[in-house]
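*Asks:* predicted coordinates and the sequence they were generated for:
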Amino acid sequence: MKKSLHKLRNIGIAAHIDAGKTTITERILYCTGVTHKIGEVHEGTALMDWMEQEQQRGITITSAATTCEWDKYTITIIDTPGHVDFTVEVERSLRVLDGMVAVFCAVGGVEPQSETIWHQANRYHVPRIAFINKMDRLGSNFAAVLAQMREKLYAQPIAIQIPVGREAEFSGIIDLLTMEYLPWPNADDMLEFSRIPLPAELVAEAKRWRHNLWEQVAEYDDQLFEDYLEGRELPAEQVKKIIRQMTIEHGYVPVLCGSGLKNKGIQPLLNAIIDFLPAPDDVPPVNGISPLTQEQESRLAAPGEPLTALLYKVAMIEGRRLSYLRIYAGTISQGQDLYNPRLKTKEKIARLFQMQAHKKIRIKEAGPGEIVAVMGLKRSITGDTLCDVKHPLLLEGMEFTRPVISAAIEPKLNSDQDKLWDVLLKISDEDPTFNVKIDDETGQMLISGMGELHLEIIQDRLITEYNLETNLGKPQVLYQESITTSATESAEFERIDEDEKEKQFAKITVTVAPRERETGNIITTADEIKNFSERLLEAVSEGVEESLNVGVAHGYSLVDVSVHIEAIEGESSDFTKVALKISAANAVRRALRGAHPVLLEPTMSVNIVIPPEYVGEVIGDLNARGGKVNTIEPQDFYTTINALAPLRSLFGYTTTLRSATKGKGSFTMKFFGYDQSNTK
């Protein structure tokens with residue numbers, strides 16, 4: 001059955017770890033009839049946390065897609081992880097979503113991973129609504145979270161609901177659009193609620209908040225502005241229409257509240273998803289570059305347009321490779337050939353599925369705006385565009401954070417060595433932030449990821465999914481090198497083969513210079529040598545790149561370096577690939593030694609939440625670890641410390657912090673950037 005584009009919603013639910021996003025998703029699935037029993041994260045029964053590691057640890061590790069129906073609308077939901085080690089799942093989900101529900105804890109407010117997710121959503125221009133969860137928790141503060149959204153996220157929140165009571169007294173919400181009171185019964189297992197007129201004691205507070213709402217909305221509609229100035233009642237339906245426009249076009253954020261665990265506020269959240277978040281035909285047409293003309297082209301979200309889809313995720317489920325696609329234009333069906341313009345080849349869809357977490361539902365066809373999974377794609381990877389061979393289009397890909405930590409891994413049985421390598425390659429195919437390689441010097445197998453938990457989960461998966469028992473070494477920081485000054489050097493290569501009376505010779509001069517952090521390496525050539533053949537220049541580039549892979553100071557790869565080929569001297573008849581490659585590599589190494597190379601190490605942004613009485617002790621320990629405190633934010637019952645610290649000093653910090661605060665402290669960290677190391 002063809003689905004109306006206007007009746008589709010593709011949304012993500014994202015938040016800091018433990019803010020309650022999976023709990024809210026489980027309530028949505030129960031309300032919409034997808035499940036007949038509410039799954040609980042803390043019991044390991046949540047449908048969306050289907051991996052064994054998720055159920056054991058009570059956290060979301062991989063993004064899971066599911067589809068539900070509400071008020072004749074089809075909503076595809078992607079529940080994303082909140083832990084920083086798995087931020088890649090949020091990144092690639094936001095790339096293909098039309099809207100997002102940002103969940104905030106009413107106690108913790110805007111936490112570090114909330115900021116990361118918010119900035120990711122900004123980058124992809126994803127409209128969003130906010131749900132302030134856990135209003136029944138001790139220390140909850142609705143107004144404080146709104147203030148933090150303005151101060152930390154530079155957001156423009158629009159409160160369309162306010163809570164009635166707080167902490168243990170939280171009993172329901174006030175709908176500011178209809179000026180109704182929505183109370184929920186006290187029974188935890190009930191999702192029923194009613195809409196009743198506002199009790200007299202709530203009217204004054206509700207009018208004050210509604211006045212703020214009207215003031216924001218009136219600026220975007222002339223008639224509403226006139227009614228507002230003259231003190232007339234603003235019609236609720238027109239206000240709702242303008243809020244939708246403000247959300248989709250101007251970045252405003254409607255804010256709702258409730259308690260996911262106590263089942264309060266879920267149905268109004270579903271209504272808000274439909275009312276305020278965009279359908280696929282509400283967002284601008286997708287843009288890409290035509291490989292045929294190298295010009296930008298657009299695709300409308302319409303079945304009649306040439307097929308255009310983005311592969312945003314690869315997953316191994318039940319031993320089968322599944323590729324997740326967002327279809328932007330056209331339709332796909334089982335057995336169809338899809339063209340990959342990066343590979344310049346076709347791949348056939350063997351089977352087509354709609355997903356309910358890890359459960360597959362076979363379908364025959366899917367159209368624009370839908371998110372589906374397919375079997376049969378063997379070579380296409382995350383970020384690839386799949387399209388019509390007659391109308392190829394390359395969509396913008398995705399960039400992922402580089403791994404910052406590595407560890408040696410080996411199988412407990414020597415006979416499993418080859419199997420382990422093959423399985424790790426499959427996992428790296430799924431996860432762009434996970435790498436595996438063989439160390440050239442030691443011959444050890446090294447795996448790299450975003451943190452200790454990331455590597456632990458990989459090891460767990462080897463046992464549970466592939467029956468591979470392994471030994472994992474102590475985590476090591478992934479260092480890099482760079483340079484601090486410019487330097488120019490030359491090197492030559494000469495070899496005479498007397499038997500064949502052949503001569504190989506080349507002399508190359510290069511200049512190396514530092515670049516801004518996170519801008520990468522670049523190789524340029526002087527104008528006078530640009531007329532060299534492509535084959536010869538390719539040999540020079542290979543020599544340069546090889547020299548940048550192994551640093552001259554500590555042996556780590558070099559980053560943020562520019563290499564300019566100043567001159568290539570010699571007779572063209574003497575130039576060979578070997579001569580050019582070796583002389584280029586030696587010239588770069590000499591220049592790097594004279595450019596004051598430095599060691600770079602990953603620095604982490606650390607957010608520590610502790611009771612106020614432990615602040616002095618925790619800051620002293622941070623300073624001893626080479627950390628730098630940026631801000632100290634006192635709250636009602638706890639204090640938040642924001643700091644920067646080198647990753648090498650944070651191994652085992654969870655145990656140290658819990659010991660220092662008698663189990664009352666917690667911390668999160670995320671990659672901040674590479675900085676010059678002070679280690680010897």
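*Replies:* Received the coordinates, thanks. Residues are numbered from 1 along each chain as shown.

*Asks:* give me the average confidence score over stretch 582-598.
*Replies:* Averaged across stretch 582-598, the pLDDT comes to 93.

*Asks:* buried residues, that stretch. List them.
*Replies:* If you call a residue buried by 16 or more other Cβ atoms under 10 Å, then stretch 582-598 has these buried ones: 582-592, 595, 597-598. In this view, the C-beta of every residue, glycine as well, is placed from N, C-alpha and C.

*Asks:* centre of the chain to it, how far?
*Replies:* Offset of stretch 582-598 from its chain centre (Cα atoms, centre = their mean, to the nearest Å): 36 Å.

*Asks:* one more: stretch 349-357?
*Replies:* Distance, centroid of stretch 349-357 to centroid of chain: 23 Å (Cα atoms, centre = their mean).

*Asks:* now do stretch 602-622
*Replies:* Centroid separation for stretch 602-622 versus its chain: 26 Å, with Cα atoms, centre = their mean.

*Asks:* distance between the ends of it?
*Replies:* 16 Å (Cα to Cα, to the nearest Å).

*Asks:* before we move on, back to that, take the buried residues of stretch 582-598 and keep only those in strands.
*Replies:* P597, V598 (DSSP state E).

*Asks:* just the closest of the buried residues of stretch 582-598 to D418, please.
*Replies:* Distances from the buried residues of stretch 582-598 to D418 were compared by Cβ to Cβ; the smallest belongs to A585, at 32.7 Å.

*Asks:* low-confidence stretches in this protein?
*Replies:* Applying pLDDT under 70 to the chain picks out residues 1-3, 36-63, 81-87, 186-191, 357, 441, 498-501, 679-680.

*Asks:* beyond the helix of greatest length in it, next helix or strand please.
*Replies:* Longest helix in the chain, counting residues (DSSP state H): helix 200-218. Downstream of helix 200-218, the next assigned helix or strand under DSSP states H and E is helix 222-229.

*Asks:* which residues touch the helix or strand that that next one is followed by?
*Replies:* Remark: after helix 222-229, the chain's next helix or strand is helix 236-250, criterion DSSP H and E. Applying Cβ atoms under 8 Å, 6 or more residues apart in numbering, the external contacts of helix 236-250 come out as 127-129, 156, 158, 160, 177-178, 213-214, 216-217, 220-221, 223-224, 252-254, 275-278, 282-283.

*Asks:* and helix 236-250, which residues are buried?
*Replies:* Quick answer for helix 236-250 (16+ other Cβ under 10 Å): V239, K240, I242, I243, R244, Q245, M246, T247, I248.

*Asks:* what's around the closest residue to R342 other than its chain neighbours, how many residues?
*Replies:* Using Cβ to Cβ, 6 or more residues apart in numbering and skipping the chain neighbours, the partner closest in space to R342 is D384 (5.5 Å). Residues lying near D384 (other Cβ atoms under 10 Å) number 26.

*Asks:* measure D384 to K360 for me?
*Replies:* 21 Å (Cβ to Cβ, to the nearest Å).

*Asks:* just the buried members of the contacts of helix 236-250?
*Replies:* Buried among the contacts of helix 236-250 by 16+ other Cβ under 10 Å: 127-129, 158, 160, 177, 213-214, 216-217, 221, 224, 252-254, 275-278, 282-283.

*Asks:* enumerate every residue touching A645.
*Replies:* A645 touches T603, M604, V606, L622, R625, G626, G627, K628, M669, counting by Cβ under 8 Å, 6+ apart.

*Asks:* how long is stretch 516-532 from one end to the other?
*Replies:* This stretch, stretch 516-532, spans 30 Å end to end (Cα to Cα).

*Asks:* what does that stretch contact?
*Replies:* Here stretch 516-532 makes contact (Cβ under 8 Å, 6+ apart) with 515, 537, 541, 544-545, 548, 558-568, 673-674.

*Asks:* so which of those belong to strands?
*Replies:* Using DSSP E, the contacts of stretch 516-532 in strands are V561, S562, V563, H564, I565, E566, A567, I568, G673, Y674.

*Asks:* let me know whether the last one touches Q480 as I believe.
*Replies:* Yes. Contact between Y674 and Q480 holds when scored by Cβ atoms under 8 Å: they sit 5.8 Å apart.

*Asks:* please enumerate the shared neighbours of those two.
*Replies:* V559, L600, E601.

*Asks:* I'd say the second one and D675 touch.
*Replies:* Yes. Under the criterion of Cβ under 8 Å, L600 makes contact with D675 at 6.6 Å.

*Asks:* these two - which one has more neighbours?
*Replies:* The residue with more neighbours, out of L600 and D675, is L600; 23 against 14, by other Cβ under 10 Å.

*Asks:* okay, now the sheet partners of the helix or strand harbouring that one, with direction.
*Replies:* Per DSSP H and E: L600 is located in strand 597-610. Within its sheet, and counting by DSSP bridges, strand 597-610 is paired with strand 480-483 (antiparallel), strand 639-646 (antiparallel), strand 666-676 (antiparallel).

*Asks:* of all those, which one is nearest F353?
*Replies:* strand 666-676 (33.2 Å).

*Asks:* got the buried residues for stretch 667-680?
*Replies:* For stretch 667-680, burial by neighbour count (16+ other Cβ under 10 Å) applies to F667, T668, M669, K670, F671, Y674, S677.

*Asks:* taking the residues you listed, tell me the two that lie furthest apart.
*Replies:* Greatest spatial distance among those (Cβ to Cβ): T668 and S677, at 23.0 Å.

*Asks:* how about the buried residues of stretch 667-680 in CSV, adding distance to A373?
*Replies:* CSV is the format used below for the buried residues of stretch 667-680 (distance: Cβ to Cβ, whole Å):
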residue, distance to A373
F667, 36
T668, 31
M669, 33
K670, 29
F671, 29
Y674, 36
S677, 43
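
*Asks:* let me know the closest of those to R321.
*Replies:* The closest of the buried residues of stretch 667-680 to R321 turns out to be F671 (Cβ to Cβ; 28.5 Å).

*Asks:* got the contact list for the closest one?
*Replies:* V84, T401, V404, M450, P602, M604, S605.

*Asks:* list the beta-bridge partners for it.
*Replies:* Here F671, judged by DSSP bridges, has bridge partners M604.
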